[in-house]
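Undergrad: Could you look at this predicted model? Sequence included:
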Amino acid sequence: KNQVEQSPQSLIILEGKNCTLQCNYTVSPFSNLRWYKQDTGRGPVSLTIMTFSENTKSNGRYTATLDADTKQSSLHITASQLSDSASYICVVSARGSSASKIIFGSGTRLSIRP
Amino acid sequence: GAVVSQHPSWVICKSGTSVKIECRSLDFQATTMFWYRQFPKQSLMLMATSNEGSKATYEQGVEKDKFLINHASLTLSTLTVTSAHPEDSSFYICSARDNRGGAWNTEAFFGQGTRLTVV
């Protein structure tokens, strides 16, 4: 069964600190993995997209890693800011022509405290 | 990145009435649009996929007669919640992708979402 599991479910850190969010998946055959940021009451916004051959990708203070062997990904946020408070969603796509092969994780709710 | 505009951003309606939500791709041709529903503190759940000019494909458990989807042009898809009930209250999000050429790995861009409250 294709699944995407994220941890922790929620996280609270102080402004300026770093944090790492985890994503484990069992989606097969793997196509790509995306991390999205979703502010409360808004649609998700893409942060990074990674394919099988990529193991690190950065977007500003966000760095995503992918280990295709262990089927794990992480999103590292450095020097957190108050505006980083949001839900972070890991989305894994399987190769194929069906949209239902796009599997969403349940997200990590990140709160940055001043 | 490409822009997907969803309207309205929020709506309150009476039980038994119908509500239409629009999803527009502003700077690209959306050959495929997806409609999702998201309950509080839960993940997005795919409701249906629509390809321009053809009937939508609904996920298991989603009533096609209740959630009417129209994708008549390459830039507009609509979701109509018919005879809405309080349990239909949710956050509805569309996403759009240009996958001409069969490129299913192309980026899908999300709309801002619509908060529907049925009273």
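TA: Cool, the structure landed. Values in this document were obtained by computation on a predicted structure and should not be read as measured data.
Undergrad: what sits against B:Lys66?
TA: By C-beta atoms under 8 Å, 6 or more residues apart in numbering or on different chains, B:Lys66 lies in contact with B:Val81, B:Thr82, B:Ser83. Glycine gets a C-beta too; all of them are placed from N, C-alpha and C.
Undergrad: ok, it to chain A distance?
TA: In this view, B:Lys66 and chain A are 19 Å apart by C-beta to the nearest C-beta, to the nearest Å.
Undergrad: those strands in chain A, which residues are they?
TA: Here chain A has its strands, by DSSP state E, at A:4-7, A:10-14, A:19-25, A:30-38, A:45-51, A:56-59, A:62-67, A:72-77, A:86-94, A:102-104, A:108-113.
Undergrad: what about the residue of chain B found nearest chain A, how many neighbours?
TA: Here chain B gets closest to chain A at one residue, B:Phe110, 3.6 Å apart by C-beta to the nearest C-beta. Other residues lying near B:Phe110 total 22 when counted by other C-beta atoms under 10 Å in any protein chain shown.
Undergrad: Hmm, it is touching B:Phe91, no?
TA: No - using C-beta atoms under 8 Å, B:Phe110 is not in contact with B:Phe91, being 11.6 Å away.
Undergrad: check contacts around whichever residue of chain A sits closest to chain B.
TA: Residue of chain A nearest chain B, by C-beta to the nearest C-beta: A:Gly43 (3.6 Å). In this structure, A:Gly43 makes contact with B:Val4, B:Gln6, B:Ile93, B:Ser95, B:Phe110, B:Gly111, B:Gln112, B:Gly113, judged by C-beta under 8 Å, 6+ apart.
Undergrad: so which of these is the most crowded?
TA: Result: B:Gly111 is most packed of the contacts of A:Gly43 (other C-beta under 10 Å), 28 neighbours.
Undergrad: which sections of the chain are below the confidence cut-off?
TA: Defaulting to chain A. Applying pLDDT under 70 to chain A flags residues A:96-100.
Undergrad: Actually, chain B is the one I wanted.
TA: Within chain B, the ranges that satisfy pLDDT under 70 run B:1-2, B:99-107.
Undergrad: Tell me which residue lies nearest the centroid of it.
TA: In chain B, the residue lying closest to the centroid (C-alpha atoms, centre = their mean) is B:Trp35, at 3.2 Å.
Undergrad: Isn't that residue up against B:Ser50?
TA: Yes - judged on C-beta under 8 Å, B:Trp35 makes contact with B:Ser50 at a distance of 7.5 Å.
Undergrad: Quick check: neighbours shared by those two?
TA: Each of B:Ile69, B:Ser77 lies in contact with both B:Trp35 and B:Ser50 under the rule C-beta under 8 Å, 6+ apart.
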